[in-house]
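Undergrad: sharing a model that was predicted from the sequence below.
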Amino acid sequence: MLLVVDVGNSNIVLGIYRDQELIAHWRLATNVKQTCDEYGMMLLQLMQHSDLDSKQVDGSIISCVVPPLLQSFEAMVRIYFNVRPLVVGPGIKTGMPILYDNPREVGADRIVNAVAAYERFKRALIVVDFGTATTLDAISERGEYLGGAICPGITISMEALFLKASKLPRVELTKPKRVIGRNTVNSIQSGILYGYAGLVDRLIERMSQEMDGSPVVIATGGLAERISIEATRIEHTDNMLTLEGLRVIFERNP
């Protein structure tokens, strides 16, 4: 079995593959104070709850955008699974040329998503990831990573609004009945939900104009389904896109 680990700024997503099938996955809060032993014990308990034998894990790959946690997760995989993990970074074979001015600047999660999306569609793409930051990444018809755009994430924006505007309350992101809110809570919900849908649609439109052909648009991340309902340019959603990309990259690095 293959253990795939995506360490993000807000959440850590872990998955277990048997061959090419994702048979289990879990989401944990990112906490730089947690030790490799704490994460290891949590993962063992999650696997036990899913009736999975940790001794059957014979491979692992890690994508990490939180440097303080990379060493912890590498140690966790070695200690608790007796496996040396593959880490997405410089020198790893992704099968995707990176046309960024400085390829080392591109977050590992963005490349992993791009690899997974291109493996699935084999055509020009825009990948929208609703994570701690909202990112849009462009992939050419030939499978080249072209670059993209980075925006403040939805959760970050909502927290900033609450912290910096003392009279505005913290609200749940649900769809209001009207775009024109008739109370403060509905007004915030409208601004965030429809505002981000419009932001994403406009960026997709402008990026598409700079690309050859008509790119397929796929969204991933915790809020992908919620925003995709309102964003007219998003065609597909896949919350497991990053895990699938990790599996593909692992297979390209025997």
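TA: Sure thing, it's come through.
Undergrad: can you tell me the element residue 43 falls in?
TA: helix 36-49 (DSSP states H and E).
Undergrad: export the following helix or strand past that helix to PDB, keeping only CA atoms.
TA: Per DSSP H and E, the first helix or strand lying C-terminal to helix 36-49 is strand 59-64. Extracted C-alpha coordinates of strand 59-64, given in PDB (Å, rounded to 0.1, in the frame of the first residue of the first chain):
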ATOM      1  CA  GLY A  59       5.800   3.200  -0.100                       C
ATOM      2  CA  SER A  60       5.200   6.800   0.800                       C
ATOM      3  CA  ILE A  61       5.300  10.300  -0.800                       C
ATOM      4  CA  ILE A  62       5.100  13.700   0.900                       C
ATOM      5  CA  SER A  63       4.200  17.100  -0.400                       C
ATOM      6  CA  CYS A  64       4.800  19.800   2.100                       C
END
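Undergrad: so what strands line up beside strand 59-64?
TA: strand 2-7 (parallel), strand 86-87 (parallel) (DSSP bridges).
Undergrad: quick one: buried residues of stretch 21-33?
TA: 24, 25 (16 or more other CB atoms under 10 Å). All C-beta atoms are positioned from the backbone trio N, CA, C, and that covers glycine.
Undergrad: begin at 52 from now on, thanks
TA: In the new count, where the first residue is 52, that last one comes out as stretch 72-84.
Undergrad: what is the mean pLDDT for it?
TA: Across stretch 72-84, pLDDT averages out at 95.
Undergrad: list the buried residues of the lengthiest helix in the chain.
TA: If you go by DSSP state H, the chain has its longest helix at helix 235-260. By neighbour count on 16+ other CB under 10 Å, the buried set for helix 235-260 is 236-245, 247-248, 250-252, 254-255, 258-259.
Undergrad: same check on stretch 257-271?
TA: For stretch 257-271, a neighbour-count test (16+ other CB under 10 Å) marks 258, 259, 262, 266, 267, 268, 269, 270, 271 as buried.
Undergrad: leaving out chain neighbours, which residue sits closest to the spatially most central residue of the chain?
TA: Central residue of the chain (CA atoms, centre = their mean): residue 272, 5.0 Å from the mean position. Leaving aside its sequence neighbours, residue 272 sits nearest to residue 181 (CB to CB, 6 or more residues apart in numbering; 3.5 Å).
Undergrad: that neighbour contacts residue 278, correct?
TA: Yes: at 6.0 Å, residue 181 and residue 278 qualify as touching, with contact defined as CB atoms under 8 Å.
Undergrad: now the common contact residues for the two.
TA: Listed as contacting both residue 181 and residue 278 by CB atoms under 8 Å, 6 or more residues apart in numbering are 205, 270.
Undergrad: hmm, back to that, would a markdown table of the strands paired with strand 110-115 with distance to residue 86 and mean pLDDT be doable?
TA: As requested, those are exported to a markdown table (distance: least, CB to CB, whole Å; pLDDT from 0 to 100):
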| stretch | distance to residue 86 | mean pLDDT |
| --- | --- | --- |
| strand 53-58 | 14 | 97 |
| strand 137-138 | 19 | 96 |
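Undergrad: ranges for the strands of the stretch 52-201 of the chain?
TA: 53-58, 62-69, 72-80, 110-115, 137-138, 176-181, 184-190, 196-203 (DSSP state E, counting those that start in this stretch).
Undergrad: circling back to that earlier point, residues in contact with the residue nearest to residue 272?
TA: 204, 205, 270, 271, 272, 273, 274, 275, 278.
Undergrad: alright, that wraps it up for me.
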